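Student: sequence plus predicted model, see below.
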Amino acid sequence: MSFGSPNNPYGQPQNPQNPQQGYGYPQQPPAGQPGQPGYGYPQQPPPGVPPQQGYGYPQQPGYPQQGYGYPQQPGYPGGPVPNLASMGRRFGARLIDGIIYTVVYVVLLFAGVAGSISSAQNCDPNSADYDTCINDAGSSMGAKIFAVIGILALFGLLYEWLMTGLVGATLGKMAVGIRVVKADTGQKPGLGSAFIRWIIPLVGGFLCGIGQLLVYLSPFWDKSGRQQGWHDKAASTMVVQN
């Protein structure tokens, strides 16, 4: 019984396709030929076929998934604070809106007073009903002034409420480049939040205007870092710069 031969002294079983190598040793590829892929080698795709995405390959750019490793969108809880509007811009927007209110008030008041004055001028001084005519003209002027105030309040409601809720900004805010958004989503406030945001300063205005002034100054005292006034906190809104 022989344990081997001169070419195979240890009795290693030989590979019939390559007698120089046995089954117990890894086969070496011939010179000039690449090794065969196996478990220890990355699989090579056929020519013209893109590589398959796997656990060891990075994901394709352009499709970031929102997760723990990605920053949240601005305006969302836990995300970065968006570019907040400065108090100077907010004051400028309020000033422009105040000028618009004043122009509308003056136009309406002039129209009402001019009509009452015209009625008073038509009273005949020689008539026995002259005093009655003058009194009627005065009563008409008072009624028209109250009507002007009511129309101005309605205009303020529609102007501030609808534009803030549907557009996110009044003309004054548009002029200085700021807008109102929901603090939790960054979207337009909507009619419900816009109404709450409008009614709180209006109620404060009944206290000789002091309450309204405090509401508009309240962002200075906000410690949340979002410069929210009392009306913003009640409506869950904040003012950002475009």
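Tutor: Cool, the structure landed.
Student: what's the separation between residue 186 and residue 179?
Tutor: From residue 186 across to residue 179, the span is 10 Å (Cβ to Cβ, to the nearest Å). C-betas here are computed from N, CA, C, even on glycine.
Student: of these two, which one has the most company?
Tutor: residue 179 (19 against 15; other Cβ atoms under 10 Å).
Student: mutual contacts of residue 186 and residue 179, please.
Tutor: residue 240 (Cβ atoms under 8 Å, 6 or more residues apart in numbering).
Student: which helix is the longest one in this protein?
Tutor: Criterion DSSP state H: the longest helix present in the chain is helix 87-121.
Student: which is the next helix or strand following that one?
Tutor: Scanning forward in sequence from helix 87-121 by DSSP states H and E, the next helix or strand is helix 130-156.
Student: show me what that next one is packed up against.
Tutor: In terms of contacts (3 or more Cβ pairs under 8 Å, 6 or more residues apart in numbering; DSSP states H and E), helix 130-156 is packed against helix 87-121.
Student: in the helix it packs on, what's buried?
Tutor: Along helix 87-121, these residues count as buried under the neighbour rule (16 or more other Cβ atoms under 10 Å): 89-90, 92-94, 96-97, 101, 104-105, 108-109, 112, 116, 119-120.
Student: same question, stretch 174-182
Tutor: For stretch 174-182, by 16+ other Cβ under 10 Å, it's 174, 176, 178-182.
Student: can you give me the helices for this protein?
Tutor: Under DSSP H, the chain gives helices at 87-121, 130-156, 171-176, 190-205, 210-217, 230-235.
Student: hey, least reliable of these by pLDDT?
Tutor: Mean pLDDT is lowest for helix 130-156 among those, at a mean of 80.
Student: could you pull out the buried residues of that helix?
Tutor: 133, 137, 141, 144, 148, 152, 156.
Student: my guess is the second one meets residue 123, correct?
Tutor: What it means is residue 137. Yes - between residue 137 and residue 123 a contact is recorded at 6.7 Å, counting by Cβ atoms under 8 Å.
Student: partner residues bridging the nearest residue to residue 83 once chain neighbours are set aside?
Tutor: Residue nearest to residue 83 in three dimensions, not counting chain neighbours: residue 241, with 4.6 Å by Cβ to Cβ, 6 or more residues apart in numbering. Listed by DSSP bridges, the beta-bridge partners for residue 241 are residue 178.
Student: and residue 241, what's its pLDDT?
Tutor: 94.
Student: got a list of what it touches?
Tutor: Counted by Cβ under 8 Å, 6+ apart, residue 241 has contacts 83-86, 89, 177-178.
Student: neighbours of residue 184, how many?
Tutor: 12.
Student: hang on, it packs against residue 238?
Tutor: No - between residue 184 and residue 238 there is no contact under Cβ under 8 Å: 9.8 Å.
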